[in-house]
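1. Give me coordinates for this.
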Amino acid sequence: MNAEQTTVVVIHHGFLLNLWLIPLAPFAGFLINGILGARLPKWIVTTVGLLAPLLSFAIVLSIARTFFGIAPSLPTQFYTETLGQPWINIGALRVDFSFVLDQLSLVMLLIITGVGFLIHVYSVGYMHGDRGYARYFSYLNLFLFFMTTLVLAGNVLLMFVGWEGVGLVSYLLIGFWFQKPSAADAGRKAFIVNRVGDFGFLIGIFLLLANFGTLTFSEIAAKLTQNPAWTGGVLTAICLCLLFGATGKSAQLPLYVWLPDAMEGPTPVSALIHAATMVTAGVYMIARTHFLFARSPFALSVVAIVGAATALFAATMGLVQNDIKRVLAYSTISQLGYMFLGCGVAAYSAAIFHLMTHAFFKALLFLAAGSVIHAMGGEQDMRKMGGLWKKIPITFWTMTAAVIAICGIWPFAGFFSKDAILYAAFLKGTSGEVLWFVGLVTALLTSLYMFRLWYMTFLGEPRSHDAHPHESPWSMLGPLVILALLSIGGGWIGVEKFAAFLAPSLGTYSTESSTPHLELILSIAAVAVALIGWFIADLFYRQKPERPAQLAASLSGPYKLLANKYYVDELYGALFVKPLTAFSKYVLGWIVDGAILGGAAWLLGGIATLGGAILQRWQSGNLRSYAAWLALGAAVLLLFALLQENSFDFAIFMRR
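-> I've put the predicted structure just below:
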């Protein structure tokens, strides 16, 4: 089937003509609740807040149904829907406001709108008594608008608009309770750190424009196809700039520091940002531009190293955290490291597969943690919990499913996706085996700190007598049950079928260099280390609960290092924050603001004062003075007229 026939089929089925409705629905919800929410009854705010993501999800499901029906007849290329006239049309540069639909964007849309809708439903119960209820839902809707725009973008510039949009709304949501200094500081920190990464992304955009003359994904891919020998060099520079932007948005080394502090926002916000939307943007961007990274083996190696290092680094800090949400925050950073590792070994389908399963069990973990916090009257310290499994059984069993899933224990969802990444890494030779080993150690640590959370929260004796635990309302429990089912069975589709579906967008998922039974052996090893981590957690936090404190005392140096997060925040503060603050205060404040701008303002003020004094004397209100000035003016005009009339004779006279 040729391109023209394909277009006819697409338009006939109508699935591309409705793409603009996907971001439009949450944007309309944002406008209604943002402008009118304070004056509307609460039930209308709730209805608008829920209908917006539900409508987007319904549209995506409709598109998916049509897409799956005709996908076998479609060639492997981008399908674009352009809205209106060219967005930018300057010389040879043309940038359209265009959306693309392919297998990759469809999977992402299903995750974003589906999980996002469940988080909206959960928020109804969690935020029911908050004074900023309407503002909260307007922000959530706006977040989905920008995230769907990012995913649907047909060019890098429109993607950057969505990229910046989710950064803005994350600042608003993290600092939602801005009356708390810690929340306001966390919002600013997230915003500033992401701007650092976005600078790298911008440089990458400029390099793309300079070297390709276009920012459209399909045109960049086509130009690379026409030049098969074009590798390395400037392409490596572009990829590294894009990677730097991705490390900011997806909280990887060295720009991960904003995400743990983002826990200051409402718990559903943590689920939305950390599970299905903002933090996955970096992974999606690398997958979307995989045709660039494929031409730079060095850049791919850097992606893999950053991912593996971040996964292990964050997992070590998760071992000693006592705030239940901070444990999950470091878990998110670590799991995103796995996704970067998958992209770095060119197993893009495996990385997106893990992105999908992670959206299920990580959203469940955060929402279940929110249910625990709700039951404990706002308490987040696991040292003050314990014995909750009888008090909140539905929360307990659903969170148990998520814990087992993230630990990668068969047959839960996390097993299939994490195993696919580790397997792909192992097949890359010696360097891949090192990456695989790092991933395996990370899996051990993940199991240890997640079952530590599980034991400290739900089992043992209650350690707080002030709280009166109670189960959450069904508006909160319903999403937990659905996500628990997805956490259990979400990986059963298998990475091979998932990769086959994504192949037109991401290329073939190949395991040609594998040997018989190798995948089974590696899978057994991965499950074994997860079970070892569970056993260690059981030994320390059930059988001998006094041992962790004793071990921390005997290893006080390493324990303090982990508890203080390797002092990275302090290091960044000393190297960057304080020097920039001093520069802003003394150089910009005293010299630029004080001397230059202040001096200019003083000069302009002096001129205005002098001019006013002159005019004041001129406009004295004295009639005799006015008459004298009038006579002088008349004399000057008369002299000028005479000179003009006799200008030739006057000139001769002057020459004489």
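2. Go through the chain and flag its longest helix.
-> Under DSSP state H, the helix in the chain containing the largest number of residues is helix 181-212.
3. quick one: Asp198 from Gly248, how far?
-> Remark: distance between Asp198 and Gly248 (CB to CB, to the nearest Å) = 6 Å. For every residue, glycine as well, the C-beta is placed using N, CA and C.
4. what about the two, which has more around it?
-> Gly248 (26 against 18; other CB atoms under 10 Å).
5. returning to that earlier point: what element comes up after the longest helix of the chain heading to the C-terminus?
-> Downstream of helix 181-212, the next assigned helix or strand under DSSP states H and E is helix 217-226.
6. Against which helices or strands is the following helix or strand past that next one packed?
-> Once the chain leaves helix 217-226, the next helix or strand it forms, by DSSP H and E, is helix 234-249. Here helix 234-249 is seen to pack against helix 156-174, helix 181-212, helix 281-288, helix 290-293, helix 297-318 when contacts are counted using 3 or more CB pairs under 8 Å, 6 or more residues apart in numbering; DSSP states H and E.
7. and if we set it to 10 Å?
-> helix 156-174, helix 181-212, helix 281-288, helix 290-293, helix 297-318, helix 324-344 (3 or more CB pairs under 10 Å, 6 or more residues apart in numbering; DSSP states H and E).
8. most packed of those?
-> Highest mean neighbour count of the helices and strands packed on helix 234-249: helix 324-344, a mean of 28 (counted as mean count of other CB atoms under 10 Å).
9. what angle do that one and helix 297-318 make?
-> Angle, helix 324-344 to helix 297-318, by axes from the mean of the first three to the mean of the last three CA atoms, to 10 degrees: 160 degrees.
10. starting at the chain centroid, how far to helix 324-344?
-> When distances are taken as CA atoms, centre = their mean, to the nearest Å, helix 324-344 is centred 13 Å away from the chain's centroid.
11. quick one, strands of this structure?
-> 80-82, 88-90, 93-95, 98-100 (DSSP state E).
12. and the first one, what other elements does it pack with?
-> When you say that, I think you mean strand 80-82. Strand 80-82 packs on helix 3-13, strand 98-100, going by 3+ CB pairs under 10 Å, 6+ apart.
13. repeat that for 6 Å
-> Where contact means 3 or more CB pairs under 6 Å, 6 or more residues apart in numbering; DSSP states H and E, strand 80-82 is packed against strand 98-100.
14. wait, what's in contact with the nearest residue to Gly533 once chain neighbours are set aside?
-> Excluding its sequence neighbours, the residue lying closest to Gly533 (CB to CB, 6 or more residues apart in numbering) is Ser447, at 2.7 Å. By CB atoms under 6 Å, 6 or more residues apart in numbering, the contact list for Ser447 reads Cys407, Ala530, Gly533, Trp534.
15. Return the entry from these with the maximum number of neighbours.
-> Cys407 (29 neighbours).
16. neighbours around Tyr323, how many?
-> For the record, residue 323 is Asp, not Tyr. The local packing of Asp323 (other CB under 10 Å) involves 15 other residues.
17. Could you check the pLDDT of Ile192?
-> You'll see Ile192 listed with a pLDDT of 93.
18. And for Gly490?
-> Predicted confidence (pLDDT) for Gly490: 94.
19. Distance of the closest residue in space to Pro545 that isn't next to it in sequence relative to Lys390?
-> In this structure, Pro545 finds its nearest non-sequential neighbour in Gly460, 6.6 Å apart by CB to CB, 6+ apart. Using CB to CB, we find Gly460 at a distance of 12 Å from Lys390.
20. between these two, who's got more neighbours?
-> Using other CB under 10 Å as the criterion, Gly460 and Lys390 rank with Gly460 on top: 16 against 10.
21. measure the more buried one to Ile409 for me?
-> 22 Å.
22. what's Leu19 sitting at in phi/psi?
-> Dihedral pair for Leu19: phi -60, psi -40, per degrees, to the nearest 10.
23. Share the number of residues neighbouring Phe583, please.
-> The burial count for Phe583: 11, using other CB under 10 Å.
24. ignore the last one, Trp389
-> 17.
25. just Ile409 next, same as before
-> 18.
26. I'd guessed it sits against Ala528; true?
-> No: counting by CB atoms under 6 Å, Ile409 stays clear of Ala528, with 10.2 Å between them.
27. Identify the residue spatially nearest to Thr395, adjacent ones excluded.
-> Ser371 (4.3 Å).
28. quick one: low-confidence parts of the stretch 201-350 of the chain?
-> When residues are selected by pLDDT under 70, those of the stretch 201-350 of the chain lie in 276.
29. Please save the CA atoms from stretch 489-506 in CSV.
-> Output of stretch 489-506 as CSV, limited to C-alpha atoms (Å, rounded to 0.1, in the frame of the first residue of the first chain):
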residue,chain,number,x,y,z
GLY,A,489,-1.0,-9.1,35.0
GLY,A,490,0.3,-6.1,33.1
GLY,A,491,3.4,-7.9,32.0
TRP,A,492,1.8,-11.1,30.7
ILE,A,493,1.6,-9.8,27.2
GLY,A,494,5.3,-10.5,27.0
VAL,A,495,8.1,-8.3,25.7
GLU,A,496,8.3,-10.1,22.3
LYS,A,497,4.7,-9.2,21.4
PHE,A,498,5.1,-5.8,22.9
ALA,A,499,8.3,-5.2,20.8
ALA,A,500,6.6,-6.6,17.7
PHE,A,501,3.9,-4.0,18.0
LEU,A,502,6.4,-1.2,18.6
ALA,A,503,8.8,-2.4,15.8
PRO,A,504,7.5,0.1,13.2
SER,A,505,8.3,3.0,15.6
LEU,A,506,11.4,1.7,17.4
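30. Next, the buried residues of it.
-> Buried residues in stretch 489-506, defined by neighbour count with 16 or more other CB atoms under 10 Å: Gly490, Gly491, Val495, Phe498, Ala499, Phe501, Leu502, Pro504, Ser505, Leu506.
31. show me the contacts for Gly432.
-> Ala425, Phe426.
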